[in-house]
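**Student:** Turn this into a model:
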Amino acid sequence: MNNYGYFCAGIVVLMLSHGLVHAEEGRNFAFQQCFANKTEKQYFGFSNLVLRENVNPFDRDLYVFSAQDIEKDWVIIDASEREVLIPGALKLASHTLKHKKYLAGEKIILIGNGRTYSSLENDAIWLIKNRSAEVKIFIGSPELWLRSAGSNVALELEFISPAEFYAESTRGNWIFVETEEELQSALSLRSGEDRFNKYLIINDELKLSSSEINEGNGYFIFKMRGGLDSLSAFYNEQGVILTAKKEREKHESCKGYR
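**Tutor:** Numbering: from 1, shown residues only. Just a heads-up that it's a prediction; the model follows:
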């Protein structure tokens, strides 16, 4: 572009800027004031710190850690939707439990996927209140249940998605694992430690073989699918969604001033 072209482009920019300023100045002051006040109160970020502000502790009396803790007259319900088969268990999706009237008054043990527990807790509480059932939730996957019952089924490290972590992030205490030292420390936890703490490997470079996963640690150690990058990408995506929602609310609540 020659000098004349740059000069013309500069004039256009100045004209546009001038018009924009006047457009802003011509707005109703009350609307501007409302807009400013609303903006001050909005939070446009999305981070793990926000997720951990309101941690809800597990209802410890609702959980069991071994098949050995359950008598043989209990109804076992596998709500994990996995292919693995648990002998004597009913395979029922979590959202169908409210419709099973035959569960009224029964002793029930719920087994989920070993990663998420919020929906299972809701189901358990509903069955207790509305079906007069006695309900417990197993901490762990169907494979862990089988191992605790004496089966030699193979165990693998459980991978958790960013969305699953978000859903569970206020359930109990999550501890991030980023180094090999932290990983080995988590694996060597003694029985005296808080068994409801959960450890999340966010370093994609850290590896665990199946031989290192057992019924003693398989229920509390997980790996973020895609590592820290996928978690950060999810946070950014949720931040965009949150921002868009707040912007809509802001304009809706201020539109009466226009």
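**Student:** Counting by contacts, list what the helix or strand hosting Tyr235 packs against.
**Tutor:** Assessed by DSSP states H and E, Tyr235 sits inside helix 227-254. Contact partners of helix 227-254 among helices and strands, from 3 or more C-beta pairs under 8 Å, 6 or more residues apart in numbering; DSSP states H and E: helix 29-41, helix 162-168. Where C-beta positions appear, they are placed from N, C-alpha and C, glycine not excepted.
**Student:** residue ranges with poor pLDDT in the stretch 51-200 of the chain?
**Tutor:** 51-55, 190-193 (pLDDT under 70).
**Student:** all strands in the stretch 51-200 of the chain, in order from the N-terminus.
**Tutor:** 63-64, 75-78, 90-91, 107-111, 134-138, 158-160, 174-177, 198-201 (DSSP state E, counting those that start in this stretch).
**Student:** Dump the ones you listed to JSON lines, plus mean neighbour count and distance to Asn217.
**Tutor:** Below are these laid out as JSON lines (neighbours: other C-beta atoms under 10 Å; distance: least, C-beta to C-beta, whole Å):
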{"stretch": "strand 63-64", "mean neighbour count": "20", "distance to Asn217": "16"}
{"stretch": "strand 75-78", "mean neighbour count": "22", "distance to Asn217": "22"}
{"stretch": "strand 90-91", "mean neighbour count": "16", "distance to Asn217": "27"}
{"stretch": "strand 107-111", "mean neighbour count": "22", "distance to Asn217": "18"}
{"stretch": "strand 134-138", "mean neighbour count": "21", "distance to Asn217": "16"}
{"stretch": "strand 158-160", "mean neighbour count": "18", "distance to Asn217": "11"}
{"stretch": "strand 174-177", "mean neighbour count": "17", "distance to Asn217": "12"}
{"stretch": "strand 198-201", "mean neighbour count": "22", "distance to Asn217": "9"}
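**Student:** ok, back up a step: could you check the helix holding Tyr235 and say which residues are buried?
**Tutor:** Within helix 227-254, the residues that qualify as buried by neighbour count (16 or more other C-beta atoms under 10 Å) are Gly227, Ser230, Leu231, Phe234, Tyr235, Gln238, Gly239, Leu242, Lys246, Lys250, Cys254.
**Student:** Centre of the chain to it, how far?
**Tutor:** Here the centre of helix 227-254 is set off from its chain's centre by 16 Å, with C-alpha atoms, centre = their mean, to the nearest Å.
**Student:** Also stretch 146-163?
**Tutor:** For stretch 146-163, the distance to the chain centre is 19 Å (C-alpha atoms, centre = their mean).
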